[in-house]
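J.: attaching a predicted model along with its sequence, questions to come.
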2 protein chains.
Amino acid sequence: MMAEASGGLGLGPGLGLGLGLRERTRRAVRAELMTVAMELFARKGYDATTIEEIAAAAGMSRSSFFRYFASKEDVVLDHLDALGESLAEALAQRPADEDAWTALRRAFDVLLVCHVRDPQGALALRQMLDGNPALRARNLEKQCGWHDRLIPHIAARLGSAPDPASADTGINARPEAVIGAALACLEAAKRAWMAADCRAPLDKVLDDVMRTVRPGAF
Amino acid sequence: MMAEASGGLGLGPGLGLGLGLRERTRRAVRAELMTVAMELFARKGYDATTIEEIAAAAGMSRSSFFRYFASKEDVVLDHLDALGESLAEALAQRPADEDAWTALRRAFDVLLVCHVRDPQGALALRQMLDGNPALRARNLEKQCGWHDRLIPHIAARLGSAPDPASADTGINARPEAVIGAALACLEAAKRAWMAADCRAPLDKVLDDVMRTVRPGAF
DNA sequence: CCCAACACGGCACTCAGTTCCAGATCAGGT
DNA sequence: ACCTGATCTGGAACTGAGTGCCGTGTTGGG
């Protein structure tokens, strides 16, 4: 029974590098679980798919599922953390003399490639997210997590602005606001792109939107 | 037992106007339920408070609770719908010649009064929201609901912009992006204000932030 | 080669949320 | 004053998410 659990996962040898075997298999199981779950979600819908079914389809018990994901939502949203990480990284590697707004726009390119590479998949994922209130909400929350990781980079680019309100309180909300505005542009572009069935190139829509909203201070 | 349920609510006569008695009591029960729940949440924490306890404290059964609120989260977040409504209303009543950004800033005043009137309460609510991931997520989602209700007003103010991307696809993401940016400013200001223990006047922080992020197009 | 660390299944539990039911209540018209 | 249908009520039974625990089997790595 145990042999079936690990054997059914079909994890090939030769993948993974410096990490111990234990960690490697762990990641492989996670990936397998995500794949299987996504298939079920696509076929039956998110709500109609139980964790029991996902676990069974992956050849493991319900208990074990929770050793890999803390919640059902995480199976869908986990990869967003990695996306946020790469976004922060992309932003960090923009030239130092670039203004904050342009740097953000260019960093967003990292996210756009997913939509360009697999528009149908991105669309399907998006529709699934929109279909479930809790899922949609958590998705938004994850994006706010991106927010926080970008703050230091943007704060550095904005310089120590002469903020009248911050002078006496230490408050500086500007970086957060700029990032939030940029993310709002990204979100608006994605929604519009989706509403139009991916007809227009997403990067062009984003370009237009961010040109319109670009803060006058830059 | 039944008499106890309705009698324990302490709803006095003379409140409510054109609505039928049925609807009046319904609203009173909802309000009572919210008050009682908030007290329990403040005392024991959101997660540690069960629906059973809330219902009992309000003199009714668990079943009846669900006739007034679809979920535990709604007890906390329900009032946000009303807030969004008043925000849209405030925006609609701004002078027609005012630019979109300024109109949004002024409309936000409707929301700020809550924080000015009861900073401690707003702070406590905020901290409770931040303490629970699901709650925080749903809160964000509600604010996105505001988003949609503001779109028509802002679209009108922006005018039929010559959007190169919209020419061939009908896409116009600009209003959404502008609203999103403004809401991001509001959020950033609130967070900064909270992080600083309400030391700086919130409206001043918001003024500064929205001046910084104000799109150059206006 | 061994053993501590880990993964596993299974069980029992709490709680949110849904769906039924039968009985009590009440507004409004006769 | 008395129906009557709509509405509200508590209660019971159910599903599914998420948690905690335990005994057992497996294996990576020293």
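T.: The structure has been received and is ready for your questions. Numbering: from 1, shown residues only, chains lettered A, B, ... in the order given.
J.: and the pLDDT at A:Asn132?
T.: As predicted, A:Asn132 sits at a pLDDT of 91.
J.: contacting residues for it?
T.: A:46-47 (C-beta atoms under 8 Å, 6 or more residues apart in numbering or on different chains). C-beta coordinates here come from the backbone N, C-alpha and C atoms, glycine included.
J.: the one 3 residues further on too?
T.: Contacts for A:Leu135 were tallied using C-beta under 8 Å, 6+ apart; they are A:46, A:73, A:76-77, A:128-129.
J.: mind redoing it with 6 Å?
T.: With contact taken as C-beta atoms under 6 Å, 6 or more residues apart in numbering or on different chains, A:Leu135 is in contact with A:73, A:129.
J.: quickly check: the helix or strand hosting it near DNA strand C or not.
T.: Following DSSP states H and E, one finds A:Leu135 within helix A:133-158. No: shown here: helix A:133-158 not in contact with DNA strand C (C-beta under 7 Å from any atom of the strand), separated by at least 8.2 Å.
J.: that helix to helix B:133-158, inter-axis angle?
T.: Counting by axes from the mean of the first three to the mean of the last three C-alpha atoms, to 10 degrees, helix A:133-158 lies at 70 degrees to helix B:133-158.
J.: got the buried residues for helix A:133-158?
T.: A:134-144, A:146-147, A:149-151, A:153-155, A:157-158 (16 or more other C-beta atoms under 10 Å in any protein chain shown).
J.: is any part of that helix close to DNA strand D?
T.: No: figure legend: helix A:133-158 not in contact with DNA strand D (C-beta under 7 Å from any atom of the strand); closest approach 8.3 Å.
J.: that helix: how far from the chain's middle?
T.: Offset of helix A:133-158 from its chain centre (C-alpha atoms, centre = their mean, to the nearest Å): 10 Å.
J.: now the element after the least confident helix or strand in chain A by mean pLDDT, going C-ward?
T.: One helix or strand of chain A scores below all others by mean pLDDT, DSSP states H and E: helix A:2-7, with a mean of 36. Note on helix A:2-7: by DSSP H and E, the next helix or strand toward the C-terminus is helix A:21-44.
J.: can I get whatever helix or strand comes next after that following helix in PDB, CA atoms only?
T.: Moving toward the C-terminus from helix A:21-44, the first helix or strand encountered (DSSP H and E) is helix A:51-57. What follows is helix A:51-57, C-alpha atoms only, in PDB (Å, rounded to 0.1, in the frame of the first residue of the first chain):
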ATOM      1  CA  ILE A  51      -9.800  16.600  -1.100                       C
ATOM      2  CA  GLU A  52     -10.500  12.900  -0.700                       C
ATOM      3  CA  GLU A  53     -10.800  12.600  -4.500                       C
ATOM      4  CA  ILE A  54      -7.600  14.600  -5.200                       C
ATOM      5  CA  ALA A  55      -5.700  12.400  -2.700                       C
ATOM      6  CA  ALA A  56      -7.200   9.200  -4.200                       C
ATOM      7  CA  ALA A  57      -6.300  10.300  -7.700                       C
END
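J.: could you list every helix and strand that helix A:51-57 packs against?
T.: On a contact count with 3 or more C-beta pairs under 6 Å, 6 or more residues apart in numbering or on different chains; DSSP states H and E, helix A:51-57 meets helix A:62-68.
J.: quick test: name the residue nearest the centre of chain A.
T.: A:Leu80 (2.5 Å; C-alpha atoms, centre = their mean).
J.: what helices or strands is whatever helix or strand A:Lys204 lives in leaning on?
T.: Per DSSP H and E, A:Lys204 falls inside helix A:202-213. Counting contacts by 3+ C-beta pairs under 6 Å, 6+ apart, helix A:202-213 is packed against helix A:109-117, helix A:174-195, helix B:174-195.
J.: to DNA strand C, which of those helices lies closest?
T.: Closest to DNA strand C of the helices and strands packed on helix A:202-213 is helix B:174-195 (C-beta to the nearest atom of the strand; 24.4 Å).
J.: chain B versus the residue in chain A positioned nearest to DNA strand D, what's the distance?
T.: Among the residues of chain A, A:Gly20 lies closest to DNA strand D, at 2.8 Å counting by C-beta to the nearest atom of the strand. Distance of A:Gly20 to chain B, computed by C-beta to the nearest C-beta, to the nearest Å: 31 Å.
J.: quick one: contacts for A:Ala181?
T.: By C-beta under 6 Å, 6+ apart, the neighbours of A:Ala181 are B:181, B:184, B:213.
J.: the second one reaches A:Ala184, doesn't it?
T.: Yes: with contact defined as C-beta atoms under 6 Å, B:Ala184 reaches A:Ala184; the gap is 5.1 Å.
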